[in-house]
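Colleague: requesting a structural model of the entry that follows:
(one chain, ligands or ions: 2)
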Amino acid sequence: MALRIIIGLALTVVAAAIAGRRLWWLYRLAMSGQPAPERIAAVREHPARDAETQVTEVFGQRKLLMWTVPGVAHFLTFWGFIILLLTIIEAYGDLFSKTFAIPGIGTWAPVGFLEDLFAVAVLVGLATFTVIRLRSNPKTEGRKSRFAGSHTGAAWLVLLMISLVIVTLLIYRGAQINTGDFPYRRGAFASEIVGHWLAPLGHSANMAIETTFILLQLAVILGFLVFVTYSKHLHIFIAPLNVLFSRRPDGMRDLQPMRSNGKVLDFEEADPDTDVFGLGKVEDLTWKGMLDLATCTECGRCQSQCPAWITDKPLSPKMLILDLRDHAFAKAPYLLAGSDEAREAMPDAVKAEAQRPLVGKAEAHGVIDPDVIWSCTNCGACVNECPVDIEHIDHITAMRRYQVLIESEFPTEASGMLKNLENKGDPWGMGESKRAEWISELDFEVPVVDGPIGDDVEYLFWVGCAGALEDRAKKTTKAIATLLHTAGVSFAVLGRAETCTGDPARRMGNEFVFSMLAQQNVETLNEAGARKVIASCPHCFNTLLNEYPQLGGNYEVIHHTQLLARLVKEGKLKPVTPIEEKITYHDPCFLGRHNKVYTPPREIMEQVPGVQAQEMHRCKERGFCCGAGGARMWMEERIGKRINAERIEEALGTDPDTISTGCPFCLVMLGDAISAKKGSGEAKDSLEVVDVAQLLARSIAEPEPAAPAGPPSSD
Ligand code: SF4
Ligand code: SF4
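Modeller: Ligands and ions are numbered 1, 2, ... in the order given. So this is what the prediction gives:
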């Protein structure tokens, strides 16, 4: 007895010391990052919301269950870990007393049953993971495997270790049944089966098996504990923290203002020597950013949904996080050194790691290739999928900010767009005089705001640069205006006073230009007294709704599809003319995934007589990007397959007559892809892409009167 106590406790002390040292090192590394007081404040302000998130995301495993089979397997394993904590208490108790039973639980049979049930459930989960990993093997599937680039060897080792935990557990419990030391007399069905197998070995053999396997079980658990702190399985402990401190409702929608030393950066007072401008070094990450790196489970869910990765670009959101993590860990001795002398005395390899540029080409030993950060469309698929709420878009944007504002390194073709925004207020540089031209093409008056908006005007219609200046998007603008006019909705526009919301500049990383444009717009909107705003562009919609509050612009913003769907429901718009077509709807990322507006456009289509709506395989939450977001609209797509081509091929799989959407950028990207497909004979000549508003406007028009019947034919 004394020996097993000594062995058990010695193993525990050694494992706790190794794991504790590692956890302390990780804590110090995280704390070497920038402060993030806003994350702590958010948790203090919303305890109920955060408690609910822990229940749904951590204990309910909501995001993991979006993938049914691996999700259920993980759910079983996760809950197995929690329930089987009881068996760890029992194993330690058994070191001291062979007939130990947990106080308060005693010999209560349901607990024995539950423990065995989850032990078996974990084995089922592990078997499922094994099959999944064998079927999705990076060696045979290449980039298509979500595990491509992950540390698969460590994953197999963990599967083995967890299996050993369960196997040793069932063996010592089976032996305990035979020695009479088992606390539960009934219910532990799996242990009873193992006990039945071990019974023929006799009492003393079972006594030896009991002691040996209790110690083996503790050794495996403690070995696992140590291994966890050195591997991706660290997420077992820190994922709840990462979820707790993540941005709510999710790490999408709004980009955060630039922060330095825990405060929002004021461009007028910023000092390039002491302030942090985006992410130029790994230690410019906040501690929450560092926590993101350590929490990644390498599951590859993000990678499998990333349009850049799918179309053979160098960006994988998973690999981005893993490369940053590997660099942070390798640079850690340098970051954690107490003095310059200590840093100077470091091995050359550590000093070389510390000198690596965070973003740079391989020949410059860059940690992240520039093509990686510029390939991102900000579509949000990665953030949406990540089961531990890692905020990829924030990190990519932070790197873009540093590259644009400090290094002046970005795709050259986008510089024209930035200049146009600065000088003319729109990405094409067409200027304010063109903004109201679409109004003269209508046969009714559209009031242009000149001073405070009158009480008789309910909505301000935010037209957007594309909606006012781009020929295809102008058709949508006119359709929306016509529908609002038909429904008797009072609205006005800003006309020449509207400028770009700044979204392309912000997504590009030029926070300075964004701030300039956004402040000007917020001033204009506030002076006009705007309260309810209709936006037709999801990028404008997102910026006005989610980002302008950061600058004091608080409005009730509605996307045109939301308002039009409501007007149809209220009977103020009546679609009557049949459109006998097969139509597939493409979800714009900034309307769908970022802002969860999935239903209204589909409701409008449902109400148009004759429309046969067909969903693409990747739709709604799993919608696939058109390739224009994240300012990619103004960059060349030189690497891999074009994202719009990938999307249109999926649409063509539904054999549509028309493709509908709710975004002027999707309209342009998909329209261009259709033209290319028509050129190669892969799409029919009549195929077109239209906004849902255009569809509705076509149906609202009264049907042409039928031609009078001619005389009966003599044939
Ligand atoms: S936002 Fe979209 S494109 Fe960017 S990394 Fe995530 S999934 Fe890939
Ligand atoms: S970032 Fe999230 S989704 Fe991607 S591999 Fe890591 S844990 Fe999985």
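Colleague: quick check: residues of the stretch 351-500 of the chain near ligand 2?
Modeller: 385-388, 390 (Cβ under 6 Å from any ligand atom). (Each C-beta comes from the backbone N, C-alpha and C, glycine too.)
Colleague: ok, the closest residue in space to Q305 that isn't next to it in sequence - contacts?
Modeller: Ranked by Cβ to Cβ, 6 or more residues apart in numbering and with sequence neighbours excluded, the top spatial neighbour of Q305 is A381, at 4.0 Å. Counting by Cβ atoms under 8 Å, 6 or more residues apart in numbering, A381 touches 302, 305-307, 589, 593, 622, 624-625.
Colleague: these two touch, right, Q694 and K474?
Modeller: No: here Q694 does not reach K474: they are 11.1 Å apart, not a contact under Cβ atoms under 8 Å.
Colleague: neighbour count: those two, which is higher?
Modeller: Neighbour tally, Q694 and K474, criterion other Cβ atoms under 10 Å: the higher count belongs to Q694, 22 against 18.
Colleague: which residue packs closest to M207, ignoring adjacent ones?
Modeller: T179 is the one closest to M207 (Cβ to Cβ, 6+ apart), at 5.4 Å.
Colleague: quick one: that neighbour from A91, how far?
Modeller: Distance, T179 to A91, using Cβ to Cβ, to the nearest Å: 15 Å.
Colleague: ditto for G278
Modeller: Noted for G278: a distance of 50 Å to A91, by Cβ to Cβ.
Colleague: repeat that for T661.
Modeller: 59 Å.
Colleague: close to ligand 1: what parts of this structure are there?
Modeller: 305-308, 315, 317, 376-382, 392-393.
Colleague: rerun that using 5 Å as the cut-off
Modeller: 306, 308, 317, 376-377, 379, 381-382 (Cβ under 5 Å from any ligand atom).
Colleague: from those, which land in helices?
Modeller: Among the residues of the chain next to ligand 1, the members found in helices (DSSP state H) are 308, 317, 381-382.
Colleague: so where's this protein shaky on pLDDT?
Modeller: Along the chain, the parts satisfying pLDDT under 70 run over 1, 701-715.
Colleague: try 50
Modeller: 710-715 (pLDDT under 50).
Colleague: ok, longest helix in it?
Modeller: The single longest helix within the chain, with elements called by DSSP H, is helix 2-31.
Colleague: so which elements touch that helix?
Modeller: Counting contacts by 3 or more Cβ pairs under 8 Å, 6 or more residues apart in numbering; DSSP states H and E, helix 2-31 packs against helix 85-96, helix 203-229, helix 287-295, helix 317-336.
Colleague: can you say which of those helices is packed in most?
Modeller: Among the helices and strands packed on helix 2-31, the stretch with the highest mean neighbour count (mean count of other Cβ atoms under 10 Å) is helix 287-295, at a mean of 23.
Colleague: mind giving me the packing neighbours of that helix?
Modeller: Using 3+ Cβ pairs under 8 Å, 6+ apart, helix 287-295 sits against helix 2-31, helix 235-245, helix 317-336, helix 392-402.
Colleague: mind running it again at 7 Å?
Modeller: Contacts defined by 3 or more Cβ pairs under 7 Å, 6 or more residues apart in numbering; DSSP states H and E place helix 287-295 against helix 2-31, helix 235-245, helix 317-336.
Colleague: what's the closest of those helices to ligand 2?
Modeller: helix 317-336 (3.8 Å; Cβ to the nearest ligand atom).
Colleague: chain center to that closest one, what's the gap?
Modeller: Chain-centre distance of helix 317-336: 21 Å, with Cα atoms, centre = their mean, to the nearest Å.
Colleague: walking through this protein, point out its strands one by one.
Modeller: 259-260, 263-264, 459-462, 491-493, 532-535, 556-559, 582-585, 612-613, 658-661, 688-691 (DSSP state E).
Colleague: could you export those as JSON lines, including mean neighbour count and distance to Q54?
Modeller: Converted to JSON lines, these look like this (neighbours: other Cβ atoms under 10 Å; distance: least, Cβ to Cβ, whole Å):
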{"stretch": "strand 259-260", "mean neighbour count": "18", "distance to Q54": "25"}
{"stretch": "strand 263-264", "mean neighbour count": "12", "distance to Q54": "28"}
{"stretch": "strand 459-462", "mean neighbour count": "24", "distance to Q54": "37"}
{"stretch": "strand 491-493", "mean neighbour count": "22", "distance to Q54": "43"}
{"stretch": "strand 532-535", "mean neighbour count": "22", "distance to Q54": "34"}
{"stretch": "strand 556-559", "mean neighbour count": "20", "distance to Q54": "30"}
{"stretch": "strand 582-585", "mean neighbour count": "21", "distance to Q54": "35"}
{"stretch": "strand 612-613", "mean neighbour count": "16", "distance to Q54": "38"}
{"stretch": "strand 658-661", "mean neighbour count": "25", "distance to Q54": "37"}
{"stretch": "strand 688-691", "mean neighbour count": "22", "distance to Q54": "40"}
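Colleague: a markdown table for these, including distance to M161?
Modeller: Below are these laid out as a markdown table (distance: least, Cβ to Cβ, whole Å):
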| stretch | distance to M161 |
| --- | --- |
| strand 259-260 | 40 |
| strand 263-264 | 44 |
| strand 459-462 | 56 |
| strand 491-493 | 63 |
| strand 532-535 | 52 |
| strand 556-559 | 50 |
| strand 582-585 | 47 |
| strand 612-613 | 49 |
| strand 658-661 | 49 |
| strand 688-691 | 52 |
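Colleague: S415: which of those strands is closest?
Modeller: Closest of the strands of the chain to S415 is strand 259-260, at 25.2 Å (criterion: Cβ to Cβ).
Colleague: enumerate the residues of the chain near ligand 2.
Modeller: 296-297, 299, 301-302, 318, 321, 386, 388, 390.
Colleague: quickly note the distance from the residue nearest to M207 to V220.
Modeller: 21 Å.
Colleague: what of P103?
Modeller: Distance, P103 to V220, by Cβ to Cβ: 26 Å.
Colleague: do the same with F182
Modeller: Separation of F182 from V220 (Cβ to Cβ): 20 Å.
Colleague: now do A190
Modeller: Using Cβ to Cβ, A190 is found at 18 Å from V220.
Colleague: what does D371 give?
Modeller: Using Cβ to Cβ, D371 is found at 44 Å from V220.
Colleague: likewise Y555?
Modeller: Y555 sits 58 Å away from V220, going by Cβ to Cβ.
Colleague: one more: C379?
Modeller: C379 sits 42 Å away from V220, going by Cβ to Cβ.
Colleague: what's the answer for E498, then?
Modeller: Applying Cβ to Cβ, the value for E498 to V220 is 65 Å.
Colleague: again with T128
Modeller: Distance from T128 to V220, by Cβ to Cβ: 21 Å.
Colleague: tally of neighbours for the nearest residue to G223 once chain neighbours are set aside?
Modeller: Spatial nearest neighbour of G223, excluding adjacent residues (Cβ to Cβ, 6+ apart): M161 at 6.8 Å. Other residues lying near M161 total 16 when counted by other Cβ under 10 Å.
Colleague: with Q607 instead?
Modeller: The number of residues packed near Q607 is 17, by other Cβ under 10 Å.
Colleague: before we move on, what about S686?
Modeller: Other residues close to S686 by other Cβ under 10 Å number 9.
Colleague: give the contact list for it.
Modeller: Contacts for S686 (Cβ atoms under 7 Å, 6 or more residues apart in numbering) come out as D657.
Colleague: mind redoing it with 10 Å?
Modeller: Going by Cβ atoms under 10 Å, 6 or more residues apart in numbering, S686 touches 581, 657-658, 678.
Colleague: just among those, which is most surrounded?
Modeller: Using other Cβ under 10 Å as the neighbour criterion, T658 leads these with 18 neighbours.
Colleague: that residue against V690, yeah?
Modeller: Yes: counting by Cβ atoms under 10 Å, V690 is a contact partner of T658 at 6.1 Å.
Colleague: and for those two, which residues touch both?
Modeller: Common contact partners of T658 and V690 (Cβ under 10 Å, 6+ apart): I583.
Colleague: what segments of the stretch 551-700 of the chain are helices?
Modeller: 560-569, 599-607, 643-652, 664-679, 692-700 (DSSP state H, counting those that start in this stretch).
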